[in-house]
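Undergrad: only geometry, no sequence info:
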């Protein structure tokens, strides 16, 4: 180890418990130097592969590429975790610098002529190489990756593509930071009793905690954290305050000044369109969908349109019912977006004789975590052991060993559950380290997965339990489903490990796992009142299960409108005014004025904070078609924990990563590909 490398050893050499990073020794000021050293080391590794005098082989080219850049992966994993989950101005400044630098680095690799020539040679004679199925998938992934990175373009076009990618990386970092800045800067402080009309105690507690975080002891803060804003819109009787908070929520990224994202969106769309055309695609959507199950924008729009028509019809019926509730209160205003959640909650209480406030005392975060882990043990034979004495990247983060039935360590899992101003909104899963079985330069063979979940639940006052909504509990199960995809991975090569699958397949393991939250025996065991410890009464449980499709039209319109706008942007290409186009698209869809997109364009981080879900937001619904059908496989046996189905699920979905084609592996589990019918029925848009 050189002295330069030694200086950043806390970032690059992970020698904590079970191979974890030593988070307590990582210093923000060391990241810039660590990146510089790691990038140079990766360059040297790539040059050694490209300039190898030996004839290209799978081992000296593809396997070498698979293990190259291990140090850079470690630096990146720690940095991007920090940038998303616990950022600060220094990290944000480095993020703006490092995002385009990383893009430049990988563009140079993707356009390395000598390296691509070696990969192309192997691809051309792939039938002669006697490769395993996984090896052929890995070779294909590398070859296609280089082609999509511009390896076959003329030199001037390669240079332009590299410049586009670099600018896009900077725009993505800027977009996300702008949204976070708008979220952090806004709060609505309440002090008077009438301002708190309708607010239940659990929400008052969260709002008081948020106010304390802003230095406003004794007050109550409405913030733009989803775990506070949504219940506030649901319960507050003050329509004027609901309107004020709602308008701030939907205006993130559209407030003028330095944090306004509209020009960023316009430029992003211009560059994505130019990139797609350089690579020979008619538009960016076609480029992004080329390596997915859906394949084409037409296939995506066919599914979304089918769902949209049913959702709008359903939402219209729901709005009529909400209007009746408003009239019954002696009021005569229309149902507006800041009204919907409030009156839907009253309608649910009337229809099913329970409210979210009645349900929430039974949904303790601690118990829902236990439920999550219990389901994993019953399905897949793994158990979690919490390590209380391990320091993670924030004091709120919890660390678990994941062990199999014989007791072997198979993964490490970190859970980061509470909202804070230094964390971007939403919920996600990521990996510090992915599973694989290849020997590394440091002498180790393979790596265990180190997976983490990030959520944004409201943190309770000292000594009180965190209480979740049913949607919060689903989010926790959803993200742990992603985590299981990473932790149960059992492949040889890193590039196809865990969640290294097509974008419209990656949500299957997470959305499928949500189903077990509402399995009656799970709720009966873990939905315990936080004060009395009593299980949720069967009458309430029955009502919860009966109400699962309540508000289906609203929920589906919120989501599908966002997916349709995403797809429209990326099939149209360049637009002069993104917000005018958004308005035009929604008008053409006859978007109800009482509902807004779940993610309006200026804060649509899935799509514009990086390009992970660009032209890909539909994938949640595409995967939902699969997850509804997959859970039906368990229901058909009469046992939600059927051992044979669980084994097939683990072996064919959770363990194989991207080592097998998505359609092939799904059919190995289910025996067939699904139609949308089960999904439409699950959502309550059609009756069985």
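TA: Now that the structure is in, tell me what you want to look at. This is a predicted model, so every value here is computed, not measured.
Undergrad: Can you tell me how far the most centrally placed residue in the chain is from residue 463?
TA: Taking Cα atoms, centre = their mean, the centroid of the chain lies closest to residue 428, which sits 4.1 Å from it. Per Cβ to Cβ, to the nearest Å, residue 428 is found 29 Å from residue 463. For every residue, glycine as well, the C-beta is placed using N, CA and C.
Undergrad: that older thread, need the contact list for the residue nearest to the centre of the chain.
TA: 84, 453-454, 479, 482 (Cβ atoms under 8 Å, 6 or more residues apart in numbering).
Undergrad: can you pull the pLDDT of it?
TA: Per-residue confidence (pLDDT) for residue 428: 98.
Undergrad: Which strand residues bridge it?
TA: Beta-bridge partners recorded for residue 428 (DSSP bridges): residue 454.
Undergrad: Also the one 5 residues further on?
TA: In this structure, residue 433 has beta-bridge partners residue 450, where bridges are defined by DSSP bridges.
Undergrad: Surely it and residue 448 touch.
TA: Yes - with contact defined as Cβ atoms under 8 Å, residue 433 reaches residue 448; the gap is 7.2 Å.
Undergrad: which helices and strands sit right next to the helix or strand harbouring residue 305?
TA: Take DSSP states H and E as the rule and residue 305 turns out to sit in helix 297-328. Using 3 or more Cβ pairs under 8 Å, 6 or more residues apart in numbering; DSSP states H and E as the contact test, the elements touching helix 297-328 are helix 284-289, helix 337-352, helix 552-572, helix 619-635.
Undergrad: hey, where'd the strands end up in the chain?
TA: Applying DSSP state E to the chain gives strands spanning 188-190, 220-222, 383-387, 398-403, 409-418, 428-433, 436-439, 445-447, 450-457.
Undergrad: buried sites along the fifth one?
TA: So the one you mean is strand 409-418. By 16 or more other Cβ atoms under 10 Å, the buried positions in strand 409-418 come out as 410-418.
Undergrad: any idea how far that strand is from the chain center?
TA: 16 Å (Cα atoms, centre = their mean, to the nearest Å).
Undergrad: strand partners of that strand, parallel vs antiparallel please.
TA: Checking strand 409-418 against DSSP bridges gives partners strand 398-403 (antiparallel), strand 450-457 (parallel).
Undergrad: just the angle between the longest one and strand 428-433, please?
TA: Compare the direction of strand 450-457 with that of strand 428-433 by axes from the mean of the first three to the mean of the last three Cα atoms, to 10 degrees and you get 150 degrees.
Undergrad: Run the chain-centre distance for strand 450-457.
TA: That offset, for strand 450-457, works out to 10 Å (Cα atoms, centre = their mean).
Undergrad: Next: stretch 275-282.
TA: For stretch 275-282, the separation from the chain centroid amounts to 27 Å (computed by Cα atoms, centre = their mean).
Undergrad: Okay, buried residues for it please.
TA: Buried residues in stretch 275-282, counting neighbours by 16+ other Cβ under 10 Å, are found at 275-276, 278-279, 281.
Undergrad: do stretch 137-157 as well
TA: By neighbour count on 16+ other Cβ under 10 Å, the buried set for stretch 137-157 is 137-139, 141-143, 145-151, 153.
Undergrad: contacting residues for the nearest residue to residue 41 once chain neighbours are set aside?
TA: Among residues not flanking residue 41 along the chain, residue 71 sits closest, at 5.5 Å (Cβ to Cβ, 6 or more residues apart in numbering). Residues near residue 71 by Cβ under 8 Å, 6+ apart: 5, 12, 37-38, 41-42.
Undergrad: my guess is residue 563 meets residue 618, correct?
TA: Yes - the criterion here is Cβ under 8 Å, and residue 563 meets it with residue 618 at 4.4 Å.
Undergrad: where are the low-confidence patches of the protein?
TA: The chain contains residues with pLDDT under 70 at 1-5, 688.
Undergrad: List the buried residues of stretch 260-272.
TA: Residues of stretch 260-272 classed as buried: 260-261, 264-269, 271-272 (neighbour count, 16+ other Cβ under 10 Å).
Undergrad: Just those: which are in helices?
TA: Among the buried residues of stretch 260-272, the subset assigned to helices under DSSP state H consists of 264-269, 271-272.
Undergrad: got the buried residues for stretch 580-600?
TA: Using 16+ other Cβ under 10 Å as the test for burial, stretch 580-600 gives 581-582, 585-586, 589, 591-592, 594-600.
Undergrad: so how far is residue 264 from the residue nearest to residue 279 when sequence neighbours are not counted?
TA: Spatial nearest neighbour of residue 279, excluding adjacent residues (Cβ to Cβ, 6+ apart): residue 287 at 6.1 Å. Going from residue 287 to residue 264 by Cβ to Cβ gives 20 Å.
Undergrad: got the phi/psi numbers for the closest residue to residue 14 other than its chain neighbours?
TA: By the measure of Cβ to Cβ, 6+ apart, the closest residue to residue 14 outside its immediate chain neighbours is residue 21, 4.6 Å from it. Reported as degrees, to the nearest 10, the phi and psi values for residue 21 are phi -60, psi 150.
Undergrad: Please enumerate the helices of the stretch 151-300 of the chain.
TA: Secondary structure of the stretch 151-300 of the chain (DSSP state H, counting those that start in this stretch): helices at 155-185, 201-213, 226-235, 239-250, 262-278, 284-289, 297-328.
Undergrad: Deepest in the core, which of the ones you listed is it.
TA: Stretch with highest mean neighbour count among the helices of the stretch 151-300 of the chain: helix 284-289 (a mean of 25; mean count of other Cβ atoms under 10 Å).
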